[in-house]
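Trainee: sequence and computational prediction follow.
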Amino acid sequence: MNKTIKFIVEKKDHNIRVDLILSEKINFITRTYVKKLIENSQLKINKKIVKTPATKVKVNDKIIINIIEKKESKVLPKKMDLKIVFEDNDIIVLDKPKGLVVHPGVGNFENTLVNALKYRYKDNLSSINGKIRPGIVHRIDKDTSGLLVIAKNNFSHSNLSKQFSDHSIKRNYHCLIWGVIRPLIGKVETLICRSQKNRQLMTVSEIRGKKAITNYKTLKVFNIKEVPKISLIECQLETGRTHQIRVHLKHKGTSIIGDQQYGKKNIKFKKINKDFFNILSNIAGQVLHAQTLGFSHPIKKKWMSFKAPLPNDFKKMLNFLNKHTG
């Protein structure tokens with residue numbers, strides 16, 4: 001079944017390509033998919049069929065797009081070890097390891113958390129997000145570890161989604177960053193949208209995107225001889241945009257250790273502690289961990305809070321830093 005979406009172009013979106021506007025405003029489609037819809041005459045501006053994705057919109061243009069629902073690939077169950085923190089008839093809280101993608105996508109339909117959930121729970125998960133995202137209420141990046149809540153039924157899913165929407169869910173992340181963030185405690189509040197240079201990345205914008213708010217505080221600064229200055233910080237999310245913490249830290253002039261997408265390229269060391277360098281070399285992906293998760297149980301209405309221990313690579317580096325700090 002198809003559906004039609006209508007909206008009027010705002011002043012801030014004047015003279016922007018129509019495929020960019022649509023891919024930002026409609027979360028579940030990409031520019032490539034917009035192109036396919038245009039090729040099938042499914043997009044109109046002011047009642048005229050759009051011929052090219054490069055068409056630029058004007059203030060007060062009326063856009064009508066007919067969304068042709070994609071055929072969803074069948075998710076194959078796959079046996080994997082899952083670190084279940086809590087489970088009852090309505091929800092599952094688990095500790096996702098670094099390196100595991102949450103749900104199937106282009107190029108990976110077999111080795112995701114959803115495949116593991118499908119094996120363990122079969123069809124006993126919520127279906128609100130479709131066949132390829134059963135139970136998935138929110139997600140964290142592939143190379144970020146930590147806590148996720150999964151919904152076993154649609155009622156629980158809807159309730160949890162509302163808590164995320166209302167920003168009442170508590171999510172705290174710990175990470176190690178290069179240097180020192182200024183001020184040591186603060187709030188980053190920006191718009192975040194897809195980068196026009198690289199659609200796989202997100203960026204801060206003054207005029208486009210979705211509101212994103214990250215509260216942070218510096219827990220400790222490490223000044224160690226022959227080791228670059230490093231800080232341990234805690235981030236509390238008010239919103240949950242794609243790559244939010246990583247984008248906001250880049251916006252503040254720093255990056256998470258191990259971040260291959262938003263981190264500083266080709267960091268050079270004049271002289272470096274060998275033990276630290278060995279630990280650093282063995283880190284795969286950003287040192288970012290979704291450590292605590294708190295929410296109201298969707299059925300019992302009881303506040304629940306969970307904490308996941310740091311993964312080994314994070315713990316190993318933190319132990320080294322603490323040991324060598326005077």
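Mentor: Nice, thanks for sending it over. Numbering: from 1, shown residues only.
Trainee: can you pull out the strands in this structure?
Mentor: Here the chain has its strands, by DSSP state E, at 3-8, 43-45, 48-49, 62-67, 84-87, 91-96, 145-151, 170-178, 185-194, 202-205, 210-224, 227-237, 288-296, 303-307.
Trainee: what's the closest of the ones you listed to Glu24?
Mentor: strand 185-194 (5.6 Å; Cβ to Cβ). To be clear about C-beta, it is placed using only N, CA and C from the backbone, and glycine gets the same treatment.
Trainee: for the closest one, which outside residues touch it?
Mentor: 20, 23-24, 201-218, 241-244, 247-248, 251-252 (Cβ atoms under 8 Å, 6 or more residues apart in numbering).
Trainee: tell me the most buried of the strands of the chain?
Mentor: Ranked by mean neighbour count, the strands of the chain are led by strand 145-151 with a mean of 25 (mean count of other Cβ atoms under 10 Å).
Trainee: what distance separates that strand from the centre of its chain?
Mentor: The chain centre lies 12 Å from the centre of strand 145-151; the measure is Cα atoms, centre = their mean, to the nearest Å.
Trainee: residues in contact with that strand?
Mentor: Against strand 145-151 from outside (Cβ under 8 Å, 6+ apart): 85, 90-98, 102, 113, 117, 125-126, 128, 135-140, 157, 160, 173, 288-293, 295, 298, 306, 308, 311, 314.
Trainee: what's the nearest residue to the residue most central in space within the chain if we skip its chain neighbours?
Mentor: What sits nearest the mean C-alpha location of the chain, by Cα atoms, centre = their mean, is Thr242, with 3.6 Å. Nearest in space to Thr242, with sequence neighbours left out and distances taken as Cβ to Cβ, 6 or more residues apart in numbering, is Met202 at 5.3 Å.
Trainee: for Trp303, same thing?
Mentor: Trp303 sits nearest to Ser296 (Cβ to Cβ, 6+ apart), 5.6 Å away.
Trainee: you'd agree that neighbour is up against Met304?
Mentor: Yes. Counting by Cβ atoms under 8 Å, Ser296 does reach Met304; the two are 7.4 Å apart.
Trainee: quick one: list the elements packing against the helix or strand bottoming out on mean pLDDT in the chain.
Mentor: Ranking every helix and strand in the chain by mean pLDDT, DSSP states H and E puts helix 31-39 at the bottom, with a mean of 80. Under the contact criterion of 3 or more Cβ pairs under 8 Å, 6 or more residues apart in numbering; DSSP states H and E, helix 31-39 touches helix 18-25, strand 62-67.
Trainee: quick one, domains of the chain?
Mentor: 3-67, 84-166, 171-295+305-323 (automatic domain parsing).
Trainee: got those as TSV, with distance to Lys74 columns?
Mentor: Shown next, in TSV, are these (distance: least, Cβ to Cβ, whole Å):
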stretch	distance to Lys74
domain 3-67	19
domain 84-166	7
domain 171-295+305-323	26
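Trainee: ok, which of those domains comes nearest Val75?
Mentor: Closest of those to Val75 is domain 84-166, at 5.3 Å (criterion: Cβ to Cβ).
Trainee: so where's the stretch 1-150 of the chain uncertain?
Mentor: 1-2, 27-29, 68-73, 106-107 (pLDDT under 70).
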